[in-house]
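Colleague: sequence? don't have it. structure:
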């Protein structure tokens with residue numbers, strides 16, 4: 001029996017997020033369906049190393065819930081969504097989707113992964129913006145988890 005080591009699982013989830021971001025970027029620019037985007041990305045180098053189920057959950061979920069996610073994101077932004085770069089927009093959609101629909105993933109992990117995506121693929125200061133927006137969103141969507149974490153952080157100080 002083989003087991004997946006925790007760091008391997010984390011890397012495959014990170015790769016899933018990277019591919020989902022790539023698909024969301026293409027979706028924003030071209031409007032293709034999740035199925036078409038999935039088929040295109042299957043032929044991309046590295047696809048075999050991702051957590052396919054998680055990739056599909058993120059891709060299909062972020063696209064199907066995009067309007068809802070944009071509505072919950074907009075009050076946390078300092079400008080209209082349409083003024084964001086497609087990369088920042090895609091990262092925020094992924095982060096919002098995970099915060100809203102993947103409660104098994106701790107909010108700090110969601111934010112950290114989004115920040116790492118922004119550092120890798122976004123503009124120079126984009127990671128700071130993504131961090132701030134998702135932190136505000138986590139306080140709303142994951143208020144109990146957020147408060148517990150903030151309380152623990154205060155006790156450590």
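Modeller: Structure's in. What do you need? This structure is a prediction, so every number in the text was calculated from the model and none was measured.
Colleague: In the chain, which helix is the longest?
Modeller: Taking DSSP state H as the criterion, the chain has its longest helix at helix 6-30.
Colleague: Would you indicate which residues of that one are buried?
Modeller: For helix 6-30, a neighbour-count test (16 or more other CB atoms under 10 Å) marks 12-28 as buried. For the C-beta atoms, the positions are set from N, CA and C on the backbone; glycine is no exception.
Colleague: And it, what does it pack against?
Modeller: Here helix 6-30 touches helix 34-42, helix 52-64, helix 86-101, helix 107-121, going by 3 or more CB pairs under 8 Å, 6 or more residues apart in numbering; DSSP states H and E.
Colleague: Please spell out which residues along the longest one are buried.
Modeller: Residues of helix 86-101 classed as buried: 87-101 (neighbour count, 16+ other CB under 10 Å).
Colleague: Leaving aside the residues adjacent along the chain, what's closest to residue 96?
Modeller: If the residues on either side of it in the chain are set aside, residue 96 comes closest to residue 69, at 4.3 Å by CB to CB, 6 or more residues apart in numbering.
Colleague: For the one you found, give its distance to residue 11.
Modeller: The gap separating residue 69 from residue 11 is 26 Å, by CB to CB, to the nearest Å.
Colleague: And residue 134, how close does it get to residue 94?
Modeller: Counting by CB to CB, the gap from residue 134 to residue 94 is 10 Å.
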